[in-house]
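Novice: Sequence plus predicted model, see below.
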Amino acid sequence: MCQTVTDRPEFQYIAENYKEILYNVENARAKYRSAEDKVQIMAVTKTVPPEKVNFAIAQGIDLLGENRVQEYLSKKEQYDPSAAVHMIGHLQTNKVKYIIDSVDMIQSVDSAKLAGEINRLAVAHNKRMDILVEVNIGAEESKSGVSPQELLPLLEDISMLENVSVRGLMAIPPIGSGEDVFARMHEIFLEVKEKNIGGIQMELLSMGMSGDYELAVKHGSGLVRIGTKLFGARKYLEV
């Protein structure tokens with residue numbers, strides 16, 4: 001496992017990108033948020049070789065985001081175990097069994113069926129699984145996520161599951177979205193929080209990626225998911 005600083009350009013590129021992302025996140029947080037607010041930076045590892053992921057961890061990244069179950073399984077043993085891992089990609093119910101014992105959170109829960117399977121397997125593994133409920137804030141047919149109108153009924157259903165803990169919401173605003181979309185997602189997050197649903201904790205809004213993370217921080221995101229801006233274009237990283 002390589003965690004040492006290297007002079008190879010493709011590694012230094014990651015170090016420089018991370019410094020820029022840190023600066024931009026802190027600048028947006030200081031400008032638009034309270035001093036107590038925390039914003040986590042997640043490294044999205046889709047197609048990224050483990051040695052580059054571990055180099056990012058050595059720079060300070062402590063949270064990884066995985067899109068594909070099969071890819072994650074092929075790389076997880078090579079990762080520096082000091083970083084937490086969240087599943088952020090669309091998750092089929094028949095794939096939950098492969099990740100239930102190794103991820104720290106599942107961010108892409110969008111149905112009672114999926115939540116029920118996570119709960120069933122969490123019981124079997126004697127653990128309580130943290131999840132976020134994904135909201136399709138842009139009403140895009142190509143994306144998963146529950147509609148804002150269906151969010152509360154789904155949360156009420158999930159709240160009955162003993163081995164699943166809803167910690168907040170996740171969203172992927174459409175590319176090029178204006179501030180109104182980000183502001184609306186934050187409003188939804190706050191509206192749910194105010195309802196104080198038993199068993200539901202609105203602690204985290206996961207929103208913002210490489211092209212819009214500063215806007216997301218401005219509008220209440222507590223976790224930004226960065227892939228391309230940190231590691232470079234995916235076509236360069238195919239493995």
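Specialist: Looks like it arrived, so ask away.

Novice: What are the boundaries of the helices in the protein?
Specialist: Per DSSP state H, the chain carries helices over the ranges 9-32, 50-59, 69-75, 96-99, 112-124, 148-158, 179-195, 213-218, 228-231, 234-237.

Novice: pLDDT below threshold where in the chain?
Specialist: Scanning the chain for pLDDT under 70 picks out 1-7, 235-239.

Novice: Quick check, central residue of it?
Specialist: The residue lying closest to the centre of the chain (Cα atoms, centre = their mean) is I88, at 5.1 Å.

Novice: for that residue, phi and psi?
Specialist: Main-chain dihedrals, I88, degrees, to the nearest 10: phi -120, psi -10.

Novice: if I look at the nearest residue to A43 once chain neighbours are set aside, how far off is E194?
Specialist: What sits nearest to A43 in space, not counting adjacent residues and going by Cβ to Cβ, 6 or more residues apart in numbering, is I61, at 4.6 Å. C-beta here means a position set from N, CA and C on the backbone, and glycine is covered the same way. According to Cβ to Cβ, to the nearest Å, I61 and E194 sit 33 Å apart.

Novice: In contact with G198: list those residues for me.
Specialist: Contact analysis of G198 by Cβ atoms under 8 Å, 6 or more residues apart in numbering lists S159.

Novice: still on that earlier bit, looking at the helices of the chain, which is closest to A83?
Specialist: Closest to A83 of the helices of the chain is helix 50-59 (Cβ to Cβ; 4.9 Å).

Novice: What angle do helix 9-32 and the closest one make with each other?
Specialist: Here helix 50-59 points in a direction 40 degrees away from that of helix 9-32 (axes from the mean of the first three to the mean of the last three Cα atoms, to 10 degrees).

Novice: Flag every buried residue along helix 50-59.
Specialist: P50, K52, V53, N54, F55, A56, I57, A58, Q59 (16 or more other Cβ atoms under 10 Å).

Novice: Verify the stated contact: the second one with F11.
Specialist: Yes - because the distance of 7.0 Å satisfies Cβ atoms under 8 Å, K52 is recorded as touching F11.

Novice: Number of residues surrounding Y32?
Specialist: Other residues within reach of Y32 by the criterion other Cβ atoms under 10 Å amount to 14.

Novice: Oh, that last question was meant for D62, not what I typed.
Specialist: Residues lying near D62 (other Cβ under 10 Å) number 14.

Novice: Show the contacting residues for the residue nearest to it when sequence neighbours are not counted.
Specialist: Distance criterion Cβ to Cβ, 6+ apart; nearest residue to D62, sequence neighbours excluded, is A83 at 5.2 Å. Going by Cβ under 8 Å, 6+ apart, A83 touches A43, I57, I61, D62, L63, L64.
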